[in-house]
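> missing the sequence, but the structure's below:
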């Protein structure tokens with residue numbers, strides 16, 4: 001999957017454990033495509049994948065770009081690696097292994113688009129929740145069944161989900177273990193769109209194209225302002241706008257907008273003037289000619305009356 005023009009470099013992102021990489025990363029001039037690649041375990045998130053995600057985050061923090069995060073073999077991520085979770089204790093829980101990397105993904109400077117095909121459960125759902133956009137397919141199944149394993153959704157779902165879909169739905173998913181199908185997830189705003197599987201990557205690229213067409217710094221600061229706490233507004237908005245007002249790109253884009261608008265006005269004025277000149281130059285063919293239907297002299301007027309009675313007396 002590649003778009004955005006220019007050359008692309010595709011590299012496996014090495015995890016701490018070596019061997020097969022848990023990620024395949026494609027680097028393009030204006031975006032990075034991150035593919036989860038543990039198909040043998042339906043992309044279950046383990047420590048190596050977490051470490052690899054941290055590495056990619058470091059790249060995107062140093063050189064901000066739009067990111068597309070996708071799964072493989074028809075699955076986004078079926079959850080955290082249960083084998084590793086089984087052996088973790090309180091020290092690992094307090095370290096926030098998954099929550100830290102998901103928070104880092106949410107706080108990346110540029111937007112992150114999740115392409116959610118098939119299962120996105122447990123940690124896989126929490127990874128999707130940390131992204132700015134989520135596009136699914138009819139096969140998408142998204143939920144947090146952690147309580148069925150004796151744990152909770154501690155990598156962000158316990159608070160992000162309420163922000164995304166509201167308290168009642170969030171409680172259904174978190175406390176009652178409800179798994180949402182694609183259409184329902186879209187209807188409550190958990191998915192931005194649902195497309196056919198063969199169109200999923202195209203939809204992600206189209207959204208990335210749209211974002212990439214805007215001023216990068218304006219997108220970055222808009223995302224930062226959006227995620228700022230309520231008490232930071234309106235100061236953060238004013239400060240961000242102050243920065244943007246002084247950028248060369250602001251002047252370039254606004255000058256281009258004004259020039260385009262002026263060109264449209266001129267074109268419209270020229271069209272109106274041309275139409276008026278054409279109407280003046282063309283003789284009117286709809287004017288009525290001399291009237292030929294006027295009635296001639298009346299021939300049916302009565303002549304002198306001959307039937308009057310004569311005088312008898």
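That came through fine. Keep in mind the model is a prediction, meaning the values are calculated, not measured. Numbers count the residues shown, from 1 in each chain.
> CA only for contacts and neighbour counts going forward, please
Fine.
> neighbours of residue 213, just the number please.
Burial measure for residue 213: 10 neighbouring residues, criterion other CA atoms under 10 Å.
> show me the contacts for it.
Residue 213 makes no contacts at all, as judged by CA atoms under 8 Å, 6 or more residues apart in numbering.
> Quick check: phi and psi on residue 11?
Backbone torsions for residue 11, taken as degrees, to the nearest 10, come to phi -140, psi 140.
> Tell me what it is bridged to.
Beta-bridge partners recorded for residue 11 (DSSP bridges): residue 25.
> Let me see the contact set for it.
Shown in contact with residue 11 (CA under 8 Å, 6+ apart): 24-26.
> Please apply the same query to residue 134.
113-116, 128, 190-193.
> sec struct for it, please.
Three-state assignment for residue 134 (DSSP: H, G, I helix; E, B strand; the rest coil): strand.
> Would you check how far apart it and residue 192 are?
To residue 192, residue 134 is 6 Å away according to CA to CA, to the nearest Å.
> Centre-most residue in this structure?
By CA atoms, centre = their mean, the chain has its centre lying nearest to residue 207, at 5.3 Å.
> So, low pLDDT: which residues of the protein?
Counting by pLDDT under 70, the chain shows low-confidence ranges at 1-8, 13-19, 283-313.
> how about the helices in it?
47-62, 82-86, 90-95, 97-106, 123-129, 157-165, 167-175, 182-187, 200-212, 216-227, 235-245, 248-281 (DSSP state H).
> Check those for me and report the most buried one.
Mean neighbours per residue, mean count of other CA atoms under 10 Å, is largest over the helices of the chain for helix 123-129, with a mean of 27.
> and that helix, how far out from the chain's middle?
Helix 123-129 sits 18 Å away from the centroid of its parent chain (CA atoms, centre = their mean, to the nearest Å).
> Same question for stretch 141-151.
Per CA atoms, centre = their mean, the centroid offset for stretch 141-151 relative to its chain is 28 Å.
> ditto for stretch 245-265
Using CA atoms, centre = their mean, the offset of stretch 245-265 from its chain centre is 25 Å.
> what does it contact?
Identification of contacts with stretch 245-265 by CA under 8 Å, 6+ apart yields 215, 244.
> repeat that with 10 Å
214-218, 239, 244, 266-271 (CA atoms under 10 Å, 6 or more residues apart in numbering).
> Now distance to residue 201 too, for those, in TSV please.
Shown next, in TSV, are the contacts of stretch 245-265 (distance: CA to CA, whole Å):
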residue	distance to residue 201
214	21
215	23
216	22
217	25
218	25
239	36
244	32
266	41
267	40
268	40
269	44
270	44
271	43
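> ok so, going back, residues in contact with the residue nearest to the centre of the chain?
Applying CA under 10 Å, 6+ apart, we find residue 207 in contact with 66, 68, 113, 133, 135, 201, 213.
> Do I have it right that residue 140 meets residue 124?
No - with contacts counted by CA atoms under 10 Å, residue 140 stays clear of residue 124, the gap being 11.8 Å.
> Neighbours of residue 112, how many?
Residue 112 has 25 nearby residues by other CA under 10 Å.
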